[in-house]
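**Q** I'd like to go over a predicted model; first the sequence, then the structure.
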Amino acid sequence: MTIDPGVLLLAIVAEHILGTIEVTSLQEASPVHFDELIGVLRPMGISVEEIDEAIAHLLQHRFIIELEQDLFGLNS
């Protein structure tokens, strides 16, 4: 069975986003801004487009919610 590299990358980026939001919510109890996600993930070599696609996926599957424009939190 072959796994599509695009699907694998989406899963990895989504997991990093979830982890970042989770850590921030535990430490500060505040949402995470899109720019903060870029600041965390760009040094890992993750593009803005990949971040945007993973956020759209997480929103569509209701793992996260958009509290305000570009502010995200866990859908708990």
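**A** Nice, thanks for sending it over. Numbering: from 1, shown residues only.

**Q** from here on, contacts and neighbour counts on C-alpha atoms
**A** Fine.

**Q** other residues contacting the host helix or strand of residue 40?
**A** In the assignment (DSSP states H and E), residue 40 maps to helix 34-41. Applying Cα atoms under 8 Å, 6 or more residues apart in numbering, the contact partners of helix 34-41 are 16-17, 20, 47-48, 51, 70-72.

**Q** distance-wise, check residue 42 relative to residue 51.
**A** Per Cα to Cα, to the nearest Å, residue 42 is found 9 Å from residue 51.

**Q** all strands for this structure, in order.
**A** With DSSP state E as the criterion, the chain has strands at 32-33, 64-68, 71-74.

**Q** and the longest helix for this structure?
**A** helix 5-28 (DSSP state H).

**Q** what's in contact with that helix?
**A** Against helix 5-28 from outside (Cα under 8 Å, 6+ apart): 30-32, 37, 41, 46, 50-51, 53-55, 57-58, 64, 72-74.

**Q** any idea how far residue 65 is from residue 76?
**A** 9 Å.

**Q** for those two, indicate the residue with more neighbours.
**A** Using other Cα atoms under 10 Å, the more surrounded residue of residue 76 and residue 65 is residue 65, with 18 against 7.

**Q** out of the contacts of helix 34-41, which are buried?
**A** 16-17, 20, 48, 51, 72 (16 or more other Cα atoms under 10 Å).

**Q** please produce CSV containing the residues you listed, extended by distance to residue 4 and pLDDT.
**A** Converted to CSV, the buried ones among the contacts of helix 34-41 look like this (distance: Cα to Cα, whole Å; pLDDT from 0 to 100):
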residue, distance to residue 4, pLDDT
16, 19, 97
17, 20, 97
20, 25, 95
48, 20, 97
51, 18, 97
72, 27, 97
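
**Q** look up how far residue 41 lies from the spatially most central residue of the chain.
**A** Closest to where the C-alpha atoms of the chain average out (Cα atoms, centre = their mean) is residue 17, at 2.8 Å. According to Cα to Cα, residue 17 and residue 41 sit 8 Å apart.
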